[in-house]
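Q: Kindly generate the corresponding structure for this input.
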Amino acid sequence: QELAKQMVFLRGHAMSGQKRFWHTDVGFNYRLSNLLCAVGVAQLERFPELFKGRMRVVDAYRKSLEGFGGVRINPGLAHCRASPWLACVWLPQEHAGKRDAICEDLESYGLETRPFFYPVHEMPPYQQYRMVSGSGSGSKAGTVSESVASAGFNIPTSAHLTDEEVAYICQTVREVLARHCHLGANGHPTANGSANGSGKSGSAGFKLFDS
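A: Residues are numbered from 1 along each chain as shown. Model (predicted):
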């Protein structure tokens with residue numbers, strides 16, 4: 001029984017049951033069956049449709065949330081066209097410490113969130129190894145990956161979200177950001193430091209991915 005439990009643990013990325021997306025060992029992804037592969041092949045035929053739907057959602061998030069309190073939405077390079085897996089909300093560093101509280105608040109509104117993944121060099125299986133940053137430094141302190149990981153989270157990105165649902169999500173994210181980061185309706189800091197927002201407004205139940 002213990003062996004079976006360990007095999008299931010390793011099959012599912014060796015992900016901790018107590019900390020989201022924290023891997024305590026070197027795991028694997030052995031969960032893809034032949035039936036799921038067949039579904040995947042069929043979904044590839046729908047790629048243009050799904051890509052267009054997700055880009056519609058991400059573009060709406062950019063229009064409403066980009067720059068609000070310094071927030072970035074799926075930043076990229078001008079010469080690249082990204083295929084969005086998830087919509088990314090990237091907080092400025094001065095608000096990074098509020099990320100988890102913001103996500104918890106959004107969940108209470110029915111909006112599923114997910115924190116950005118931890119940098120690989122922080123995971124227990126790799127902490128013993130030397131890490132070299134993009135600048136060539138061997139220091140593990142203050143890397144770009146650490147600052148990005150601590151300041152970002154994902155919000156629902158289903159291609160099937162309606163325009164009304166996307167508008168609700170945008171409004172909710174703006175209200176929660178305003179409350180936690182002390183912002184006015186225009187996304188600028190309020191003069192007296194008071195937070196906007198009027199508390200919970202129900203639970204709509206929006207998931208990150210398509211069901």
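Q: Spatially central, which residue of the protein would that be?
A: With distances taken as C-alpha atoms, centre = their mean, residue 154 lies nearest the centre of the chain, 2.2 Å away.
Q: Correct me if wrong, but that residue is in a helix.
A: No: Residue 154 is assigned strand when assessed by DSSP: H, G, I helix; E, B strand; the rest coil, not a helix.
Q: Identify the bridge partners of it.
A: residue 88, residue 114 (DSSP bridges).
Q: That one: what's it in contact with?
A: Shown in contact with residue 154 (C-beta atoms under 8 Å, 6 or more residues apart in numbering): 86, 87, 88, 89, 113, 114, 115, 116, 208. For the C-beta atoms, the positions are set from N, CA and C on the backbone; glycine is no exception.
Q: same thing but at 10 Å, please
A: Each residue near residue 154 by C-beta atoms under 10 Å, 6 or more residues apart in numbering is listed here: 74, 85-89, 103, 112-117, 208-209.
Q: Where do the helices of the protein begin and end?
A: Remark: helices assigned in the chain by DSSP state H are 2-11, 34-44, 47-65, 99-108, 144-151, 163-181.
Q: looking at these, which is buried most?
A: helix 163-181 (a mean of 19; mean count of other C-beta atoms under 10 Å).
Q: so that one versus helix 47-65, what angle?
A: If you take axes from the mean of the first three to the mean of the last three C-alpha atoms, to 10 degrees, helix 163-181 sits at 40 degrees to helix 47-65.
Q: and helix 163-181, what's its mean pLDDT?
A: Across helix 163-181, pLDDT averages out at 96.
Q: ok so, going back, out of the helices of the chain, the one nearest residue 130 is which?
A: Between residue 130 and the helices of the chain, the tightest spacing by C-beta to C-beta is seen for helix 144-151, at 15.4 Å.
Q: which residues make contact with that closest one from outside it?
A: 21, 71-72, 75, 88-100, 115-122, 131, 133-135, 140, 143.
Q: Could you export it as CSV, CA atoms only?
A: In CSV, the C-alpha atoms belonging to helix 144-151 read as follows (Å, rounded to 0.1, in the frame of the first residue of the first chain):
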residue,chain,number,x,y,z
VAL,A,144,14.3,37.6,-12.0
SER,A,145,12.5,34.3,-11.7
GLU,A,146,12.0,34.8,-8.0
SER,A,147,10.6,38.3,-8.4
VAL,A,148,8.2,37.2,-11.1
ALA,A,149,7.1,34.1,-9.4
SER,A,150,6.2,35.9,-6.2
ALA,A,151,4.2,38.7,-7.9
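Q: Work out the gap between that helix and the centre of the chain.
A: Offset of helix 144-151 from its chain centre (C-alpha atoms, centre = their mean, to the nearest Å): 12 Å.
Q: now do stretch 175-193
A: Worked out by C-alpha atoms, centre = their mean, stretch 175-193 lies 22 Å from the chain centre.
Q: Just the CA atoms of it, as CSV, please.
A: The C-alpha coordinates for stretch 175-193 follow below in CSV (Å, rounded to 0.1, in the frame of the first residue of the first chain):
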residue,chain,number,x,y,z
GLU,A,175,-12.3,46.0,-7.1
VAL,A,176,-10.1,43.5,-5.3
LEU,A,177,-6.9,45.1,-6.5
ALA,A,178,-8.2,48.5,-5.4
ARG,A,179,-9.1,47.2,-2.0
HIS,A,180,-5.8,45.5,-1.3
CYS,A,181,-3.5,48.0,-3.0
HIS,A,182,-5.4,51.2,-1.9
LEU,A,183,-6.2,52.3,-5.4
GLY,A,184,-8.8,54.6,-6.8
ALA,A,185,-11.2,53.7,-9.7
ASN,A,186,-8.5,54.9,-12.2
GLY,A,187,-5.9,52.5,-10.7
HIS,A,188,-3.9,55.3,-9.1
PRO,A,189,-3.1,55.3,-5.3
THR,A,190,-5.8,57.0,-3.2
ALA,A,191,-4.8,60.2,-1.5
ASN,A,192,-5.9,59.1,2.0
GLY,A,193,-4.7,55.5,1.6
